[in-house]
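1. only geometry, no sequence info:
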């Protein structure tokens, strides 16, 4: 059998070469498709806000980042936060946040809805990394429902990781904790007023 294949390849070297090229092309195409499937914009910010407040209107608000807030945010993120303010939407005890955090190299845009100091929903709105896009699936993001913030600024429940998406998982964890922290700050500000 080996001899026949070798003889055929000797008689038709162009056909053997063409077969090899086609096989490599198909392999590369499927690899590229899998890589680009992780990337994309899955929902716009306004659509996420509309989904969070479908039954009642929300008010667009601003949280100004004081030096004290920046110190706490640095503890949560592990790095300083950019910007002077964070915008959010609120209706009663419910807040919705659209925040970004770097996965490995690119920012991941994440929507987080918080009600009564617990996460109701986490949604990946835009994913720009070439790997780790599994964090966008509801099977993963459902783990955050019911999570609250512990005094050490970590999540109250354990979140299962995803092999090959460790940095993306860490980014989503940080954003979830940050949204809970911000929610606590605006709740305290409202109580103080």
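-> Good, I have the coordinates. Since this is a predicted model, take the numbers as computed values, not measurements.

2. can I see the domain layout of the protein?
-> For the chain, automatic domain parsing gives the domain ranges 2-37, 40-192.

3. want to throw those into CSV with mean neighbour count and mean pLDDT?
-> Backbone N, C-alpha and C define where each C-beta goes, glycine included. Conversion of the domains of the chain to CSV gives the following (neighbours: other Cβ atoms under 10 Å; pLDDT from 0 to 100):
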stretch, mean neighbour count, mean pLDDT
domain 2-37, 10, 55
domain 40-192, 17, 95
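
4. Make sure residue 155 is actually in contact with residue 149.
-> Yes: when contacts are counted by Cβ atoms under 8 Å, residue 155 is listed as touching residue 149 (7.0 Å).

5. Which neighbours do these two have in common?
-> Residues touching both residue 155 and residue 149 comprise 177, 180, with contact defined as Cβ atoms under 8 Å, 6 or more residues apart in numbering.

6. Could you tell me which residues make contact with residue 59?
-> Contacts of residue 59 were listed using Cβ under 8 Å, 6+ apart, and they are 89-91.

7. ah, wrong one, I meant residue 144
-> Contacts of residue 144 (Cβ under 8 Å, 6+ apart): 112, 119, 121-122, 155, 159, 172, 176.

8. What about these, which are in helices?
-> Counting by DSSP state H, the members of those that fall within helices are 172, 176.

9. okay if I get the contacts of residue 144 as a markdown table plus distance to residue 165?
-> Supplementary listing: these in a markdown table, determined by distance: Cβ to Cβ, whole Å:
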| residue | distance to residue 165 |
| --- | --- |
| 112 | 18 |
| 119 | 19 |
| 121 | 20 |
| 122 | 15 |
| 155 | 17 |
| 159 | 12 |
| 172 | 9 |
| 176 | 15 |
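
10. all strands for this protein, in order.
-> Using DSSP state E, the strands assigned to the chain run over residues 40-41, 59-64, 85-91, 94-102, 107-115, 118-127.

11. Can you spell out which helices and strands pack onto the first one?
-> When contacts are defined as 3 or more Cβ pairs under 8 Å, 6 or more residues apart in numbering; DSSP states H and E, strand 40-41 sits against strand 118-127.

12. Make CSV out of the strands of the chain and add distance to residue 133.
-> Supplementary listing: the strands of the chain in CSV, determined by distance: least, Cβ to Cβ, whole Å:
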stretch, distance to residue 133
strand 40-41, 8
strand 59-64, 29
strand 85-91, 25
strand 94-102, 15
strand 107-115, 9
strand 118-127, 5
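
13. Sounds good, over and out.
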